[in-house]
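[1] Any chance you could fold what I've pasted below:
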Amino acid sequence: MDTRWILTRRQLLKTMAASGALAAADLAWWEEPLVSPRRAWGATPVRFQFSVPEPKRTALVESLAQRFNQSQKDFEVKVEFVPQAQARQKLITGMAANNPPDCCQAWDNWVGEFEGMGAVEDLTARVKDWKYYSDVTPIAWQTVTVKGKILSFPWVVTNDGVYWRTDRATEYGVKPPKDDWTWDEFLATARTFTKGDRNQYGFGMRGQGTWAVLYATEFMYANGAQVLKDGKVAINSKEAAEGLDWYLDLFRKYKVCPPSVPTDGWRGIVEGFGRGVTNMYIHNSGSSEEQKDFVGVKNFATVPLPVGPAKKRVSFYFSETLTGFKNAKNREGAWRFMSWLMDDEPKFMYCKTLGLLPARKTLAERPEFAKDPAYQGFIKSFPFSIVSPYLAYAGWGGKLDSEGVPLFQQALVGKLTAREFLEKFADMLTKNMG
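    Residues are numbered from 1 along each chain as shown. So this is what the prediction gives:
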């Protein structure tokens, strides 16, 4: 191991602790693998691709990999960090060249596409004999099951909720949203939160990435829409068009969103809220720990998505998966590493550090998750959360990114009407149901 990297990482950890991005009390845990670096020259390498490289996640995943390496002598994990925007294509390229990583962190909507390519290892038999199989929530297993086969570990599972600024609500006289608030109340809150002269907006809408489409679909469902009905694509319904029009008008008509929306992805909406440009946004629990650092524990809270005109609402579950490949050079090492990451300590630290909800029930019941106000919007959404309907067909995963998102952006900027978008979108889904 390069000792220069050890020194650099120690400096990074100390800087993160000093800035509050890392709890000082946790610093010893993070530094522990650096105290006596392992040198197992005979260990077989395990290639692990991770697709959300940012300082905290990079340091965390490196810590976990080094802890695994020190826990046994047979394998040595080497992490390959790839920007999220490039990660899916890099995996596809590797699979096509018969040179995939041994395992990777991937989103659940990618897994079906990879299975359609015949590239993913079927873990069903091994998983059902695994010691924590029954401790994983059934909904988590659903997110990684394709055609009756369990293809991945659900590393974390979470749903969507609304982040809102409690301090700004007090300052501007905004009535705190209730757990059962409506679309009208959501819009009224967003308008009151919008202060153009201060460069502040009520709602940070997402315009890039798969979840731009998923967030919009959640609002369509609240108006009575469905992606599938009687086995056929039905997302181009009247209810869907009306719901999407209302959602897009938050940006187009009511101007309660910042001008950057068409190019705002995950980082854009999280950092926009953290910088004080927006006062509400939709996301999963994964940015809760960041917002504690950005705006302060007492200055924000979470609440479920609003109830729509159909007197209903949904929040889509998704999972961040650990996935192995049939043509991996070290399938046994991949299994050992992936199953180790699902153990108590590594899984707890990954979820706790990043604000993600554990897929294992015994960990999710710990007070760090169950009692934290930052998680209440997500916990209260469990009764109406469903697995994303876009996981129904393997061919939809990649197409949502490559075709669905560009179509959505055209509707966002007025190049397509909501109806025109939905007709093209439904046609794309129908063509890829195989």
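
[2] Wait, residue 58 touches residue 81, no?
    Yes. Counting by Cβ atoms under 8 Å, residue 81 is a contact partner of residue 58 at 6.1 Å. All C-beta spots, glycine's among them, are computed from the backbone N, C-alpha and C.

[3] need the helix or strand of the chain with the lowest average pLDDT.
    Using mean pLDDT, DSSP states H and E, helix 3-19 stands out as the lowest-scoring helix or strand of the chain, at a mean of 57.

[4] What is the longest strand of this structure by residue count?
    strand 315-324 (DSSP state E).

[5] Can you give me the buried ones in the helix or strand just after it?
    Where DSSP states H and E defines the elements, the next helix or strand beyond strand 315-324 is helix 331-341. Going by neighbour count (16 or more other Cβ atoms under 10 Å), the buried part of helix 331-341 is 331, 333, 334, 335, 336, 337, 338, 339, 340, 341.

[6] Check stretch 378-395 too.
    The neighbour-count check on stretch 378-395 (16+ other Cβ under 10 Å) flags 378-381, 384-385, 387-395 as buried.

[7] Could I get the buried residue list for stretch 362-372?
    Buried residues in stretch 362-372, counted by 16+ other Cβ under 10 Å: 363, 364, 369, 372.

[8] Equivalent analysis for stretch 277-296, please.
    Neighbour-count burial for stretch 277-296, counted by 16+ other Cβ under 10 Å, picks out 277-292, 294-295.

[9] and that stretch, what's its mean pLDDT?
    In this model, stretch 277-296 has an average pLDDT of 94.

[10] how long is that stretch end to end?
    By Cα to Cα, to the nearest Å, the extent of stretch 277-296 from end to end equals 15 Å.

[11] Spatially nearest residue to residue 255, not counting backbone neighbours?
    residue 194 (7.2 Å; Cβ to Cβ, 6 or more residues apart in numbering).

[12] So what's the residue count around that neighbour?
    20 (other Cβ atoms under 10 Å).

[13] Can you give me the pLDDT of it?
    The model reports residue 194 with a pLDDT of 98.

[14] now do residue 35
    53.

[15] now the buried residues of helix 331-341 as JSON lines including pLDDT and distance to residue 231?
    Formatted as JSON lines, those follow (pLDDT from 0 to 100; distance: Cβ to Cβ, whole Å):
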{"residue": "331", "pLDDT": "97", "distance to residue 231": "36"}
{"residue": "333", "pLDDT": "98", "distance to residue 231": "41"}
{"residue": "334", "pLDDT": "98", "distance to residue 231": "36"}
{"residue": "335", "pLDDT": "98", "distance to residue 231": "36"}
{"residue": "336", "pLDDT": "98", "distance to residue 231": "40"}
{"residue": "337", "pLDDT": "98", "distance to residue 231": "39"}
{"residue": "338", "pLDDT": "98", "distance to residue 231": "34"}
{"residue": "339", "pLDDT": "98", "distance to residue 231": "36"}
{"residue": "340", "pLDDT": "98", "distance to residue 231": "40"}
{"residue": "341", "pLDDT": "98", "distance to residue 231": "37"}
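
[16] how about JSON lines for those, with distance to residue 198 added?
    Formatted as JSON lines, the buried residues of helix 331-341 follow (distance: Cβ to Cβ, whole Å):
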{"residue": "331", "distance to residue 198": "55"}
{"residue": "333", "distance to residue 198": "53"}
{"residue": "334", "distance to residue 198": "50"}
{"residue": "335", "distance to residue 198": "53"}
{"residue": "336", "distance to residue 198": "53"}
{"residue": "337", "distance to residue 198": "48"}
{"residue": "338", "distance to residue 198": "47"}
{"residue": "339", "distance to residue 198": "50"}
{"residue": "340", "distance to residue 198": "49"}
{"residue": "341", "distance to residue 198": "44"}
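
[17] and of these, the nearest to residue 91?
    Using Cβ to Cβ, residue 334 comes nearest to residue 91 of the buried residues of helix 331-341, at 13.7 Å.

[18] Please name the residues that touch residue 154.
    Listed by Cβ atoms under 8 Å, 6 or more residues apart in numbering, the contact partners of residue 154 are 108, 136, 140, 141, 143, 144, 319, 320, 321, 359.

[19] could you redo the last one with a cut-off of 6 Å?
    140, 143, 144, 319, 359 (Cβ atoms under 6 Å, 6 or more residues apart in numbering).

[20] now residue 385
    159, 315, 317.

[21] just residue 109 next, same as before
    residue 397.

[22] what about it, is that helix, strand or coil?
    Secondary structure state of residue 109, per DSSP: H, G, I helix; E, B strand; the rest coil, is helix.

[23] Show the pLDDT at it.
    Listed pLDDT for residue 109 reads 85.

[24] and if you look at residue 345?
    So, for residue 345, pLDDT stands at 95.

[25] Residue 94 too?
    Taking residue 94 on its own, its pLDDT is 97.

[26] what's the neighbour count on it?
    Residues contacting residue 94 under the criterion other Cβ under 10 Å number 20.

[27] so it touches residue 102, yeah?
    No. Using Cβ atoms under 6 Å, residue 94 is not in contact with residue 102, being 10.7 Å away.
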